[in-house]
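> Sequence and computational prediction follow.
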Amino acid sequence: MSNNLSKKALILSYFTVGYNILEGIVSVVAGILAGSIALTGFGMDSFIESLSGGIMIWRFSKYGKLTEDEEQKIETRAVTLIGYTFFIFGIYVLYESFSKLYFREKPDPTIIGIIIGIVSTVVMPVLFYLKYKTGKSLNSKSLIADSKETLTCVFLSISLLIGLGLNYLYNLWWADPAVGILIVIFLFREGFETLKEGID
C-alpha cells in the first residue's frame, strides 16, 4: 500500500514540475510579447514553485530503498527544504507586489493570460487535493507542505484573474499586488510552521 502511495506521490511530483515549467515558459513568453508584467511575474512564480516539486521527486525517488532511520532523516531534510522554498516563493511575490505598487504597473488583460489563469484555477485545486490526501495517507509532512505550495498557486491564479478583471472593469490596477501581499503572509506563516515541523 505504502509503495503504491509513494509511486503516486512521485507521479504527482513529476506532474507538478512539468506543469509549472510549461506554465512558466508559456506565461513568460506571452507576458513579454504582450508587455504584461503581471503575466511575466506569474510565469516566474511557476518556475520558483517547481523547486518544491523537485524536492519531492528527490525525496520519493528514494522511498523504500532506505532503512527506517534513513527514511526519517530524508523526510526531515525534505520538510526543511520545503520550508525554505516557502520563503523564496514569498520573497519573490513580495518583491513583485511592492514593485507593481511603487511603479503603478497595470496588469494588461491578454487572452493567453486569462486562459492560463483559468486553467491553473481548475488544475491546481485538484493537484493540491491529491497531494494533500496522499501526504496524509503516507504520513509525509513534506508532501503535505508541498501541497500547500500548490494551494498558493491556486491563490496566485485567482489573484491574476482578479487583477486583470478589476483593472479592465474598474481600473483598479492595485488589486493584483494587494492580493499578492496577502498571499505572502500565508507563505511566510506556512514557511515558519513547516520549518518548525522539520525541527520537531
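Arrived safely, thanks for sending.

> mean confidence score for stretch 137-152?
The predicted model gives stretch 137-152 an average pLDDT of 94.

> meant to ask about stretch 83-97
For stretch 83-97, the per-residue pLDDT averages 93.

> Tell me the secondary structure at residue 63.
coil (DSSP: H, G, I helix; E, B strand; the rest coil).

> From residue 14, how far out is it?
Distance, residue 63 to residue 14, using CB to CB, to the nearest Å: 14 Å. Just so you know, the C-beta spots here come from the backbone N, C-alpha and C atoms, and that holds for glycine as well.

> So between the two, which is more surrounded?
Remark: of residue 63 and residue 14, residue 63 carries more neighbours, 19 against 16, as counted by other CB atoms under 10 Å.

> Was I right to think that one contacts residue 71?
Yes - taking contacts as CB atoms under 8 Å, residue 63 lies within contact range of residue 71: 7.4 Å.

> continuing past the longest helix seen in the chain, what's the next helix or strand?
Of all the elements of type helix in the chain, the one with the most residues (DSSP state H) is helix 68-103. Under the assignment DSSP states H and E, the closest C-terminal helix or strand after helix 68-103 is helix 111-138.

> what packs against whatever helix or strand comes next after that following helix?
Counting by DSSP H and E, the next helix or strand C-terminal to helix 111-138 is helix 141-170. Judged by 3 or more CB pairs under 8 Å, 6 or more residues apart in numbering; DSSP states H and E, the packing partners of helix 141-170 are helix 2-34, helix 37-60, helix 68-103, helix 111-138, helix 175-199.

> do that again at 7 Å, thanks
Counting contacts by 3 or more CB pairs under 7 Å, 6 or more residues apart in numbering; DSSP states H and E, helix 141-170 packs against helix 37-60, helix 68-103, helix 111-138, helix 175-199.
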